[in-house]
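In: When you get a sec, could you give me coordinates for this:
(one chain, ligands or ions: 2)
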Amino acid sequence: MAKKPETIFFCSECGYETRKWLGRCPGCQAWNTLVESRSVTGSDGTTKNNSRHSWLTTATRAGEDNVSEDGLLDLSTVSTDRIARVSSGLKEFDRVLGGGFVPGSLVLVGGDPGIGKSTLLLQVSAKNKFKGGHVLYVCGEESPSQVKLRASRLEIKGAAVKLYPEIIFERIAQVILKLRPALVIVDSIQTMYSEELTSAPGSVSQIREVTAGFLRLAKHLNCTIVLVGHVTKDGAIAGPRVLEHMVDTVLYFEGESHSSLRMIRGFKNRFGATNELGIFEMTGRGLQTVENASLAMIAGRPQGVAGSAITACLEGTRPLLLEIQVLLNDTAYGMPQRMAQGLDRGRISMLMAVLEKHIGLNFGNMDAFCNVVGGLRIDDPAADLAIAAAMTSSYRDVPVKNQGILIGEIGLTGELRPVSAVSQRIGEAGRLGFTTCILPGSCRRQGEQIQASKSTPELLYADHLSEALDMAF
Ligand code: TYD
Ligand code: MG
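Out: Numbers count the residues shown, from 1 in each chain. Ligands and ions are numbered 1, 2, ... in the order given. I've put the predicted structure just below:
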């Protein structure tokens, strides 16, 4: 009698493995997260998890001469030459990568459909800064002619780019082993599948298996592999959480599809700072880096209207001026609404509570809509003061005094708390022509150390929210 292929079930959240299906994962207690996967059985009948990547046995381990017979390495003899970064050819993309691609790393780029993932990576592959190395573009989603169409739109000649329309992982692995490219783009990971598993492409087990395969290829051949990942409705990369744990770098596209600005944020980076932000503009000829990000973010802001305030946030290592808008309106029916875009709803509720208690505003029967203009998500608490000012401005229907920016974290007693990188934020405000800046009193020392120049804004210090609001109106 033919033996039924053995299957195991593993948790898509934490990776817990079990032989039978369970409704709740004993590992992380999450419900309905166990998915089926085929376990590979060796010739001796034992389950071998690591023997799956049979294609790798033929691969030689590139550039590892100092490996002893038992596979051990002396830390002192490990060379770091191979970690020399290679620029992607786009300055803003290098910024989120932490200075460029690290050879041998696996990078995941996620984002909503149509936001520009394929465009960005085609541009990067055409620039090819890997000296003498090939670029392999695996297109699982689009036909070569569609890729070519995009390339002509981007005015890319792309002589060094090799296209490979394929979705079967084992075949791609063979091509990579033969071609030894310096950079591989996989568009997208959800379309790839391994013949060793029976489940459909895009299923959790396929994604997990194929990503593990690409990871091993990247490490063994010392090539950079970029995976494109789709994003689900709730904003996570479709597929198991383990996908994010497996790769070295996770980058997400942010931004609104109706605006031309596109932001790429680093969520995880084994070789650089996270939370770094790259800012691009989608033009008729692909993504162009935005030189003056602050100006792009606050361009076209309304002057002299109530409900708007400007702040300077720190995005990674870069100060960025942003406009916060708030609209307060009488509630038409029942429960007042609290809507926030680009801001944390909990933080908004806290700031409204502080304004009610310490400034005496009454939001009890008002709907509140808060927005960060430009589609950026911010979690820098230094924006608190600007949010409170925009709220007060909308409440009183009085605009914030022109040409002023507001920086400061607000505590529960209404006190203004210090913020980091004061000089960078003020420098950015001065560069864009702002003439006053309201700051927490505790930042006075940093403020006084700033070398005053013609463009430096006048610095006003406030210890309490009420003081700051008196200055702002
Ligand atoms: P695409 O890169 O295919 O997105 P993804 O791979 O993330 O799904 O999306 C490109 C979008 O950008 C598409 O709506 C058309 C637009 N676009 C431009 O505006 N200019 C261009 O030069 C290109 C190539 C695309
Ligand atoms: Mg695409």
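In: Quick one: the strands in the stretch 101-250 of the chain, in order.
Out: 106-111, 135-139, 161-164, 183-187, 224-230, 249-254 (DSSP state E, counting those that start in this stretch).
In: and this structure, what are its domains?
Out: 7-47, 83-291, 296-472 (automatic domain parsing).
In: So for Gly104, what's the pLDDT?
Out: Listed pLDDT for Gly104 reads 90.
In: The residue in the stretch 151-300 of the chain that ligand 1 sits nearest to: what's it in contact with?
Out: Proximity of the stretch 151-300 of the chain to ligand 1 (C-beta to the nearest ligand atom) peaks at Gly286, 4.1 Å away. Backbone N, C-alpha and C define where each C-beta goes, glycine included. Gly286 sits next to Thr119, Leu120, Leu122, Gln123, Arg153, Leu154 when contact means C-beta atoms under 8 Å, 6 or more residues apart in numbering.
In: Tell me the secondary structure at Met350.
Out: helix (DSSP: H, G, I helix; E, B strand; the rest coil).
In: burial count for it?
Out: 15 (other C-beta atoms under 10 Å).
In: quick one: it and Gly414 touch, right?
Out: No. Counting by C-beta atoms under 8 Å, Gly414 is not a contact partner of Met350; they are 11.5 Å apart.
In: Close to ligand 1: what parts of this structure are there?
Out: Neighbours of ligand 1 within the chain, by C-beta under 6 Å from any ligand atom: 111, 113-119, 150, 153-154, 282, 284-286.
In: and the two most separated of those?
Out: Distance extremes for these: the farthest pair is Pro113 and Arg285 at 21.0 Å, using C-beta to C-beta.
In: more crowded one of those two?
Out: Arg285 (12 against 8).
In: Do I have it right that the more buried one meets Leu154?
Out: Yes. Under the contact definition of C-beta under 8 Å, Arg285 touches Leu154, with a separation of 6.0 Å.
In: The residue lying closest to Gly104 once chain neighbours are set aside and Gly404: what is the separation?
Out: Using C-beta to C-beta, 6 or more residues apart in numbering and skipping residues adjacent in sequence, the residue nearest Gly104 is Asn222, 4.4 Å away. Distance, Asn222 to Gly404, by C-beta to C-beta, to the nearest Å: 52 Å.
In: go on, Glu142?
Out: On the measure of C-beta to C-beta, Glu142 and Gly404 end up 49 Å apart.
In: same question, Ala296
Out: Here the criterion is C-beta to C-beta. By it, Ala296 lies 21 Å from Gly404.
In: mean confidence score for the helix ranked longest in the chain?
Out: What stands out as the longest helix in the chain, according to DSSP state H, is helix 204-221. If you average the pLDDT over helix 204-221, you get 89.
In: low pLDDT regions in the chain?
Out: Along the chain, the model assigns pLDDT under 70 to residues 1-5, 38-68, 81-83, 158-159, 232-242.
In: can you give me the helices in it?
Out: So, for the chain - with DSSP H - the helices run 91-97, 117-127, 144-153, 169-179, 204-221, 242-246, 293-298, 345-354, 384-396, 422-431, 444-448, 465-472.
In: Need the winner for burial among those.
Out: Most buried of these, by mean neighbour count (mean count of other C-beta atoms under 10 Å): helix 384-396, with a mean of 25.
In: Quick check: which helices or strands does it pack against?
Out: strand 308-315, strand 318-330, helix 345-354, strand 366-372, strand 404-406, strand 409-410, helix 465-472 (3 or more C-beta pairs under 8 Å, 6 or more residues apart in numbering; DSSP states H and E).
In: now the longest one, how far from the centre of its chain.
Out: Looking back up the chat, that one is strand 318-330. 21 Å (C-alpha atoms, centre = their mean, to the nearest Å).
In: May I have that strand exported as PDB, CA atoms only?
Out: Provided in PDB are the C-alpha atoms of strand 318-330 (Å, rounded to 0.1, in the frame of the first residue of the first chain):
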ATOM      1  CA  ARG A 318      16.600  63.200   9.600                       C
ATOM      2  CA  PRO A 319      14.600  66.100  10.900                       C
ATOM      3  CA  LEU A 320      11.400  66.600   8.900                       C
ATOM      4  CA  LEU A 321       8.900  69.400   9.100                       C
ATOM      5  CA  LEU A 322       5.300  68.200   9.000                       C
ATOM      6  CA  GLU A 323       1.900  69.800   9.100                       C
ATOM      7  CA  ILE A 324      -0.700  68.500  11.600                       C
ATOM      8  CA  GLN A 325      -4.300  69.300  10.900                       C
ATOM      9  CA  VAL A 326      -7.200  68.900  13.200                       C
ATOM     10  CA  LEU A 327     -10.900  69.500  12.600                       C
ATOM     11  CA  LEU A 328     -13.300  69.700  15.500                       C
ATOM     12  CA  ASN A 329     -17.000  69.600  14.800                       C
ATOM     13  CA  ASP A 330     -20.200  69.300  16.800                       C
END
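In: and that strand, which strands flank it?
Out: Strand pairing for strand 318-330, determined by DSSP bridges: strand 308-315 (antiparallel), strand 366-372 (antiparallel).
In: OK, contacts around the residue nearest to Gln288 when sequence neighbours are not counted?
Out: Distances taken as C-beta to C-beta, 6+ apart put Glu281 closest to Gln288, at 5.2 Å, once the chain neighbours are dropped. By C-beta under 8 Å, 6+ apart, Glu281 lies in contact with Ser260, Leu261, Arg262, Leu287, Gln288, Thr289, Val290, Ala296.
In: With Ser37 instead?
Out: Thr7, Ile8, Phe9, Phe10, Leu197, Ser199, Ser205, Arg208, Glu209.
In: Going by distance to Leu75, which of those residues wins?
Out: Arg208 (30.7 Å).
In: That closest one touches His245, doesn't it?
Out: No. Here Arg208 lies out of contact with His245, judged by C-beta under 8 Å, at a distance of 10.4 Å.
In: Which among the helices of the chain is found nearest to Leu328?
Out: helix 384-396 (4.5 Å).
In: so the closest one versus strand 366-372, what angle?
Out: 140 degrees (axes from the mean of the first three to the mean of the last three C-alpha atoms, to 10 degrees).
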